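K.L.:
would you be able to build a 3D model of this:
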Amino acid sequence: MRKELFDLIHEAMDQHELARDFYHRMAHQVAHADTRKMFEYLAQEAEENKARLHQCLTPEGCPVVPPVHEAHLAEHLQVPQVTIGMLPKEAVVLAIKRSEGLCRFYQSLVELQPEGEIRRRLEYLARAESGHKEKLEEIYDMVAFPEVRKSPMRKELVDLIHEAMDQHELARDFYHRMAHRVAHADTRKMFEYLAQEAEENKAKLHHCLTPEGCPVVPPGHDVHLAEHLQVPEVTEGMLPKEALAVAIKRSEGLCRFYQSLLELQPEGEIRRRLEYLARAESSHKEKLENLYDTVAFPEAW
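P.N.:
Reported below is the predicted structural model:
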């Protein structure tokens, strides 16, 4: 697969992930039970469709896309982001546009494919996004927004939590790439395990964005917490061992972030959740250091 197409697939996967996170947030915030269930359903669908799209990154699932079509496909994925200050109805409008863009992206891909399994998978994804768009439009027209509980969390802390979630996402994507590229079966399994853990821990962290899970952080601690999340990114030109060293630093930073957060919390569920996340990241760091010391990585990707 060409890098340009690989990047497009990853961008579409990111759109599914953004959609899933938005639906989770709305499910936690709306008061009406049926609306909450609909958002929970949409979140689950977004996660499953992201997994289906991930199969397109395998040689057996790689779609046919001549280079001339890439710019046109990329246009469908250019959707404004849902931001913290938006009203609920404004955010739902953007979610509708995201579903519409994904639907057009898949429809455009379908038109380039011969008959077969890849075409059928993309047709399913196009239908699914069309269905999501219709459900969101129905919610927009019928639900009385805002029916939202205001979170007591300051914007600075919300941004910190989102940054930590992004770090988990970067870690998960890196572990997936390593799992696809290493030759040794046990090493591959370890990276697959770490990728699954990173995804699950991101979901656990997401609970901190709900009113019930909001951690206690006085404003004076924001800068100190933010420092733990300042880690260099893994870039395409890095050698595998260099990239692994960055991944170790990311786990170390997340561990310190959680340890600093939990020290500010009273006893209770929020503190226990943060203690779990701190232990998990400490364990990830140890596993990565062991891989760094014992595995013979290739000199290039």
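K.L.:
C-alpha only now, for contacts and for neighbours.
P.N.:
Fine.
K.L.:
would you say V79 is within a helix?
P.N.:
No. Using DSSP: H, G, I helix; E, B strand; the rest coil, the assignment for V79 is coil, not a helix.
K.L.:
please report how far the nearest residue to it once chain neighbours are set aside lies from E134.
P.N.:
Excluding the flanking residues, the one nearest V79 by C-alpha to C-alpha, 6 or more residues apart in numbering is R98, at 5.9 Å. Distance of R98 to E134, given as C-alpha to C-alpha, to the nearest Å: 12 Å.
K.L.:
so for these two, which sits in the more crowded spot?
P.N.:
R98 (26 against 15; other C-alpha atoms under 10 Å).
K.L.:
which SSE is the more buried one in?
P.N.:
R98 belongs to helix 88-111 when assigned by DSSP states H and E.
K.L.:
how about that helix as PDB, C-alpha atoms only?
P.N.:
Taking C-alpha atoms only, helix 88-111 is exported to PDB below (Å, rounded to 0.1, in the frame of the first residue of the first chain):
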ATOM      1  CA  PRO A  88     -24.800  20.600  21.900                       C
ATOM      2  CA  LYS A  89     -26.700  21.300  18.700                       C
ATOM      3  CA  GLU A  90     -23.700  22.900  17.000                       C
ATOM      4  CA  ALA A  91     -21.700  19.700  17.900                       C
ATOM      5  CA  VAL A  92     -24.400  17.400  16.500                       C
ATOM      6  CA  VAL A  93     -24.300  19.400  13.200                       C
ATOM      7  CA  LEU A  94     -20.500  18.700  12.900                       C
ATOM      8  CA  ALA A  95     -21.100  15.000  13.800                       C
ATOM      9  CA  ILE A  96     -23.700  14.900  10.900                       C
ATOM     10  CA  LYS A  97     -21.100  16.400   8.500                       C
ATOM     11  CA  ARG A  98     -18.500  13.900   9.700                       C
ATOM     12  CA  SER A  99     -20.800  11.000   8.900                       C
ATOM     13  CA  GLU A 100     -21.700  12.500   5.600                       C
ATOM     14  CA  GLY A 101     -18.000  12.900   4.700                       C
ATOM     15  CA  LEU A 102     -17.200   9.300   5.700                       C
ATOM     16  CA  CYS A 103     -20.100   8.100   3.700                       C
ATOM     17  CA  ARG A 104     -18.900   9.900   0.600                       C
ATOM     18  CA  PHE A 105     -15.300   8.700   1.200                       C
ATOM     19  CA  TYR A 106     -16.500   5.100   1.300                       C
ATOM     20  CA  GLN A 107     -18.800   5.600  -1.700                       C
ATOM     21  CA  SER A 108     -15.900   7.000  -3.700                       C
ATOM     22  CA  LEU A 109     -13.700   4.100  -2.700                       C
ATOM     23  CA  VAL A 110     -16.400   1.600  -3.700                       C
ATOM     24  CA  GLU A 111     -16.600   3.000  -7.200                       C
END
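K.L.:
what does that helix rub up against?
P.N.:
Residues outside helix 88-111 that contact it (C-alpha atoms under 8 Å, 6 or more residues apart in numbering): 12, 15, 19, 63-65, 73-74, 76-83, 119, 122-123, 125-130, 132-133, 136-137, 140, 145-146, 148.
K.L.:
do stretch 130-141 as well
P.N.:
So stretch 130-141 is contacted by 35, 42, 89, 92-93, 95-97, 99-100, 103 (C-alpha under 8 Å, 6+ apart).
K.L.:
rerun at 7 Å
P.N.:
Here stretch 130-141 makes contact (C-alpha atoms under 7 Å, 6 or more residues apart in numbering) with 89, 92, 96, 99-100, 103.
K.L.:
pick out the most distant pair among these.
P.N.:
Within the contacts of stretch 130-141, K89 and C103 form the most distant pair, 21.1 Å apart (C-alpha to C-alpha).
K.L.:
ok, the two, which is more surrounded?
P.N.:
C103 (25 against 16).
K.L.:
from A27, how far off is the more buried one?
P.N.:
23 Å.
K.L.:
low-confidence bits of the protein, can you list those?
P.N.:
Within the chain, the stretches with pLDDT under 70 are 1, 83-86, 144-153, 210-213, 296-301.
K.L.:
I am finished for the moment; much appreciated.
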